[in-house]
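Asker: Sequence plus the predicted model coming up.
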Amino acid sequence: MNSHAQLPLVPEINDQHPLVQALKPCVSAIGLQVDLPLANPVPVLSAPGHLYQLNELGRIRDGYRHSLYVSADQQLIYIVQVGGLAGTSKIFGPVQLEHIVKSGHQTKACTIARAPAAAHVIPVKK
């Protein structure tokens, strides 16, 4: 199960995006805050989808940087982890939101779960 991939997209910084606000609590420079499976098969993450930065490394040199990939149709969502001692890349997901915060309010807890394997459709609950 190889979930290493090179990213053709550059992460965009958009802290106001509701998906970024909802998923920021799920990551930190030391790794994921939730248990998510590695993507299998490894998806091709490319335009016209979007890649959003979720966290900074801070003072941890060998920490992890996480990005959120959202497909153009917003049906597929993955978390991309890059960094660590060996500088690895891993893709987790697909994930679906169990809860999305209203615009302007950040959530304090991570609220994501893996998408159904057969569907690969990410319903956003209001």
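Answerer: Okay, I see it.
Asker: mind checking the SS state of residue 22?
Answerer: Using DSSP: H, G, I helix; E, B strand; the rest coil as the criterion, the local structure at residue 22 reads helix.
Asker: measure it to residue 68 for me?
Answerer: For residue 22, the distance to residue 68 equals 9 Å [C-beta to C-beta, to the nearest Å]. Bear in mind the C-beta positions are built from the backbone N, C-alpha and C, glycine included.
Asker: Comparing the two, which residue is more hemmed in?
Answerer: Neighbours per residue (other C-beta atoms under 10 Å) separate residue 22 from residue 68, with residue 68 holding more: 26 against 22.
Asker: Check which helix or strand that one maps to.
Answerer: strand 64-70 (DSSP states H and E).
Asker: Quick check: beta-bridge partners of residue 77?
Answerer: Applying DSSP bridges to residue 77 yields these beta-bridge partners: residue 70.
Asker: Cheers, nothing more for now.
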